[in-house]
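S.K.: For reference, the sequence and a predicted model appear below.
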Amino acid sequence: MFDFHEKRRMRNLVYSKISLFFLLVIIFLLAYTIWGVYQKERETQIKKTQRAQVLIEIEERERVLEEEIERLSTERGVEQEIRSKFDVARAGEQVLVIVDAKEEDVLLESEEEVSAWQRFLNFFR
């Protein structure tokens, strides 16, 4: 008989409204915490993907720079770089410098296109 009453009392305590309310509060707090962890995990995955992309770009840049270092480590590569940055030539070579047409030359050419009548009128102005 004692077991029966004790079980009944335990069941009434567990299934009471107060204990169910506390269990719901605990479940809500756990769900809230799990949701926060889930959001942090998603942010971490996004950042990981971005960092992987940055790493790939850095490795590509490193490869390009290593190729440039290899090119500049040879005498021919150094000469190419110097010639591209400065106007220099070896002894015995000639340098041809192309200069754009001056503005005056362009004006003279445009004056030739003016008709004789326009030149006559321009003379009196």
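M.R.: In hand now; what should we look at?
S.K.: Just list what the helix or strand containing Glu57 packs against, helices and strands only.
M.R.: Assignment of secondary structure by DSSP states H and E places Glu57 within helix 17-72. Secondary-structure packing of helix 17-72 (3 or more C-beta pairs under 8 Å, 6 or more residues apart in numbering; DSSP states H and E): helix 75-85. C-beta coordinates here come from the backbone N, C-alpha and C atoms, glycine included.
S.K.: got a list of contacts for the helix it packs on?
M.R.: Applying C-beta atoms under 8 Å, 6 or more residues apart in numbering, the contact partners of helix 75-85 are Glu70, Arg71, Leu72, Val88.
S.K.: Now the first one. Nearest residue, chain neighbours left out?
M.R.: Take Glu70 and drop its neighbours on the chain: the residue closest to it by C-beta to C-beta, 6 or more residues apart in numbering is Gly77, 7.9 Å away.
S.K.: Could you do the last one as well?
M.R.: Once flanking residues are discounted, Val88 sits nearest to Ile82: 6.2 Å by C-beta to C-beta, 6+ apart.
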